[in-house]
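Asks: Can you look at this prediction? I've put the sequence above it.
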Amino acid sequence: MTVTIVGSQLGDEGKGGAVDLYGEPADVVVRYQGGDNAGHTVVFDDEEYKLSLLPSGVVRGKVGVIGNGCVVNPETLFDELDALRERGLEPTVRIAERAHVIFPYHQILDGIEEDDKDDPIGTTGRGIGPTYEDKAARCGIRVGDLLDPDALRDRLTYVVPKKRTTVEEFYETKTDDAFDVDHLFETYRAYGDRLAEEGMTVDCGSYLGERIEDGDEVMLEGAQGTIIDVDHGTYPYVTSSNPTAGAACTGSGLGPGVIGAGEIIGVVKAYTTRVGNGGMPTEIAGVEGQTPGYEGGANTSEEDEKLATYIRDEGGEYGTVTGRPRRVGWLDMPMLRHAARVSSFTGIVVGHIDVLSGLDEVRVGHSYQLDGREMETVPPTTSGWERCSVNFRQFDGWPDVDWSVVARDGYEAIPENARTYLEYIQAELDTSIYAVGVGPAREDTVIVEDPYK
Ligand code: GDP
Ligand code: IMO
Ligand code: MG
């Protein structure tokens, strides 16, 4: 059977931790979208692993598969593999031949396009958007092409001059060897050789189908989150892939019958964070350069500034990839209701309740108010997001306790007010809480349900 892990908010919900928590019975862990824009953390034996491209399961000895829905920067791939090997691990990784390759010109274009916008998205600068653009425009280069020198040269010869012209003539910017066919051919052919030597490439769907037929358990690890999904998020302030569960099919080659017959677990952070630009109706204060209209605290109360900083620092809310401070807000139920429907969650993992402990009061954005109407879910348009105000509900805060004792003693040991909060989320989403995160490590978790049982 399969278990699919999906981010239900704006990324960084703790998906790496959830994969680690439930991944023990899994034989194979598959990334199905995104690339090295992700930053997934696994804390294990007092060691912290931060992975941006490799599936989190590789730190536990699982076969890690990078699915066809992903975009792959080979440099990051080999850097991450080498770094894990230096730490004594022996990761086994397979990469879909249909996955698209991120080239240096994609990364440069990502930067140039952001600089050119009055209202930048705040991308990770990894070339994710430009690579997916080429995939849709049918001028992308795929992992399988790296192993076929003729195909690689042909494709580079077709696409690179277009990119060079765009940069030089439209953006009036000088180009370097990132736009040179011969240089790119040599560099990427060498990556292809290494992929071939290490036997890493596969026909992803067939490979996974065979593993399932042989009785293997498969976990699918979403990256990013529902509200930055290119279809279901706050477009255009989104990533360029679909983090939602439907993409677990298209991005892996397993059909909806397989994914839908398994479990689909939404990972929920007990509050909301966002890196980058775009709507965030429950934001408490703001972050310079990311929050639209934020004037360095001039339009925010001192109390809210303090609270946002407190939650950011307690939760370590600084980007895993870029180090940017994350924007912080209260839990946003319209976002979560939307996420639960889009991905058909069969259960949720709610984490970070320890971070909110010690506050007198915890607030939740229960619904939005838009043009005089109460909305329980999110608006489809950008202008709609901008006009939303929030109907908040208040919950009594819960004390800071010894969370390792709570993790040991189970759900009933969670402070009562925190359980009230959790049960409100569960009821609103009409789903079951499978686990509650009370700290960053796997041991800091209250497990209620094991999806593989
Ligand atoms: P991902 O991108 O969804 O995998 O999440 P990240 O790894 O980017 O960010 C989540 C951060 O929260 C990591 O530093 C985790 O170690 C940490 N974390 C996960 N769950 C919990 C929790 O329940 N409590 C606390 N305090 N930290 C957590
Ligand atoms: P994980 O998997 C949080 C955000 C970027 C930016 C937008 C587009 O760790 O949850 P991109 O580089 O993808 O074109 O940037 O998406 N973003 C993330 N935010 N967590 C992530 O991944 C993210 N990956 C991309 O900050 O706003
Ligand atoms: Mg992350």
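Replies: Sure thing, it's come through. Ligands and ions are numbered 1, 2, ... in the order given.

Asks: in the stretch 101-250 of the chain, which spans are helices?
Replies: Along the stretch 101-250 of the chain, the segments classed as helices by DSSP state H, counting those that start in this stretch run 104-116, 128-136, 143-146, 149-165, 181-197, 204-213, 246-250.

Asks: how about JSON lines for those helices, with mean neighbour count, mean pLDDT and distance to residue 93 added?
Replies: Where you see a C-beta, it was placed from the backbone N, CA and C, and this is true even at glycine. Formatted as JSON lines, the helices of the stretch 101-250 of the chain follow (neighbours: other CB atoms under 10 Å; pLDDT from 0 to 100; distance: least, CB to CB, whole Å):
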{"stretch": "helix 104-116", "mean neighbour count": "18", "mean pLDDT": "98", "distance to residue 93": "22"}
{"stretch": "helix 128-136", "mean neighbour count": "22", "mean pLDDT": "98", "distance to residue 93": "19"}
{"stretch": "helix 143-146", "mean neighbour count": "23", "mean pLDDT": "98", "distance to residue 93": "12"}
{"stretch": "helix 149-165", "mean neighbour count": "16", "mean pLDDT": "98", "distance to residue 93": "21"}
{"stretch": "helix 181-197", "mean neighbour count": "16", "mean pLDDT": "98", "distance to residue 93": "10"}
{"stretch": "helix 204-213", "mean neighbour count": "17", "mean pLDDT": "98", "distance to residue 93": "12"}
{"stretch": "helix 246-250", "mean neighbour count": "23", "mean pLDDT": "98", "distance to residue 93": "19"}
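
Asks: Does residue 405 belong to a helix, a strand or coil?
Replies: helix (DSSP: H, G, I helix; E, B strand; the rest coil).

Asks: Name the nearest residue to it, ignoring sequence neighbours.
Replies: residue 413 (6.7 Å; CB to CB, 6 or more residues apart in numbering).

Asks: How about residue 204?
Replies: Nearest residue to residue 204, sequence neighbours excluded (CB to CB, 6+ apart): residue 96, at 3.6 Å.

Asks: wait, isn't the one you found in contact with residue 33?
Replies: No. In this structure, residue 96 is not within contact of residue 33 by CB atoms under 8 Å, at 11.5 Å.

Asks: List the buried residues for the helix or strand bottoming out on mean pLDDT in the chain?
Replies: Lowest by mean pLDDT, DSSP states H and E among the helices and strands of the chain is strand 40-44, with a mean of 88. Within strand 40-44, the residues scored as buried using 16 or more other CB atoms under 10 Å are 40-43.

Asks: Can you name every helix or strand that that strand contacts?
Replies: When contacts are defined as 3 or more CB pairs under 8 Å, 6 or more residues apart in numbering; DSSP states H and E, strand 40-44 packs onto helix 15-22, strand 47-51.

Asks: Looking at the buried residues of strand 40-44, which one is closest to ligand 3?
Replies: Distance to ligand 3 across these (CB to the ion) is lowest for residue 40, with 5.6 Å.

Asks: From ligand 1, how far out is that closest one?
Replies: Note on residue 40: its distance to ligand 1, by CB to the nearest ligand atom, to the nearest Å, is 4 Å.

Asks: I figured that residue hits residue 50, correct?
Replies: Yes. If you go by CB under 8 Å, residue 40 and residue 50 touch, sitting 7.2 Å apart.

Asks: and the stretch 201-350 of the chain, which of its residues are near ligand 3?
Replies: Where the stretch 201-350 of the chain comes near ligand 3, counting by CB under 5 Å from the ion, the residues are residue 320.

Asks: just the strands in the stretch 201-350 of the chain please.
Replies: 201-202, 218-221, 263-269, 272-274, 327-329, 331-332, 347-351 (DSSP state E, counting those that start in this stretch).

Asks: Quickly compare these and say which is most buried.
Replies: Burial of those is given as mean neighbour count (mean count of other CB atoms under 10 Å); strand 218-221 ranks first at a mean of 29.

Asks: Residue 31 reaches residue 68, doesn't it?
Replies: No. Residue 31 lies out of contact with residue 68 (CB under 8 Å); the separation is 10.5 Å.

Asks: For these two, indicate the residue with more neighbours.
Replies: Using other CB atoms under 10 Å as the criterion, residue 31 and residue 68 rank with residue 31 on top: 31 against 24.

Asks: Which pLDDT value belongs to the closest residue to that one other than its chain neighbours?
Replies: Using CB to CB, 6+ apart and skipping residues adjacent in sequence, the residue nearest residue 31 is residue 55, 4.9 Å away. pLDDT, residue 55: 97.

Asks: Strand partners (parallel or antiparallel) of whichever strand or helix holds residue 5?
Replies: Element membership of residue 5, judged by DSSP states H and E, is strand 2-7. Using DSSP bridges, strand 2-7 pairs in its sheet with strand 218-221 (parallel), strand 263-269 (parallel).

Asks: for the longest one, the distance to its chain's centre please.
Replies: By that I understand strand 263-269. Distance, stretch centre to chain centre, for strand 263-269: 12 Å (CA atoms, centre = their mean, to the nearest Å).

Asks: just the CA coordinates of that strand, formatted as CSV?
Replies: Below are the C-alpha coordinates for strand 263-269, written out as CSV (Å, rounded to 0.1, in the frame of the first residue of the first chain):
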residue,chain,number,x,y,z
GLU,A,263,-3.6,6.7,3.0
ILE,A,264,-3.2,10.5,2.3
ILE,A,265,-1.9,12.4,5.3
GLY,A,266,-2.0,16.1,5.5
VAL,A,267,0.8,17.7,7.6
VAL,A,268,-0.5,20.7,9.6
LYS,A,269,1.6,23.2,11.5
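
Asks: can you list the residues of the stretch 1-150 of the chain near ligand 2?
Replies: 7, 10-12, 37-40, 121-124, 126, 128-129 (CB under 6 Å from any ligand atom).

Asks: make that the stretch 251-400 of the chain, sorry
Replies: So the stretch 251-400 of the chain meets ligand 2 at 275-276, 320 (CB under 6 Å from any ligand atom).

Asks: right, and out of those residues, which lies closest to ligand 3?
Replies: residue 320 (4.6 Å).
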